[in-house]
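# sharing a model prediction with you, sequence too.
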Amino acid sequence: MIYCPVCKSPDIFPVAGGYVGQVYLCKSCRYRGSFVLEADEDENAELKEK
Ligand SMILES: [Zn+2]
């Protein structure tokens, strides 16, 4: 999962980056840039029975 670094919205998605590399665009605040917050979802890995 990725989040917008400006408004913390998960409503951000990659767009065609061109020569500068991957660029993301936030639908909530119109932020556009290559930096995003990333959160792992490994905390859901506790579904194993003991
Ligand atoms: Zn945003």
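It's in.

# and the strands in the chain?
For the chain, the strands defined by DSSP state E occupy 2-3, 12-15, 23-26, 32-33, 37-38.

# so which of these is nearest the ion?
strand 23-26 (3.2 Å; CB to the ion). (Each C-beta comes from the backbone N, C-alpha and C, glycine too.)

# who does the closest one touch, helix- and strand-wise?
Contacts defined by 3 or more CB pairs under 8 Å, 6 or more residues apart in numbering; DSSP states H and E place strand 23-26 against strand 12-15, strand 32-33.

# wait, which of the ones you listed is closest to Asp40?
Across those, Asp40 has its closest neighbour in strand 12-15 (16.4 Å, CB to CB).

# pull up the pairing partners for that closest one, direction included.
Strand pairing for strand 12-15, determined by DSSP bridges: strand 23-26 (antiparallel).

# just the strands of the chain: most buried one?
Ranked by mean neighbour count under mean count of other CB atoms under 10 Å, these are led by strand 23-26, which reaches a mean of 18.

# and the contacts of that one?
2, 4, 6-7, 9, 11-17, 31-34, 36 (CB atoms under 8 Å, 6 or more residues apart in numbering).

# any idea what the residue nearest to Val15 when sequence neighbours are not counted is bridged to?
With sequence-adjacent residues excluded and distances taken as CB to CB, 6 or more residues apart in numbering, Val15 is closest to Leu25, at 4.9 Å. Legend: beta-bridge partners of Leu25 under DSSP bridges are Phe13, Arg32.

# just use 80 as the starting number from now, easier for me
All set: I'll call the first residue 80, so the last point we hit is now Leu104.

# and Leu104, how far is that from Arg111?
Noted for Leu104: a distance of 5 Å to Arg111, by CB to CB, to the nearest Å.
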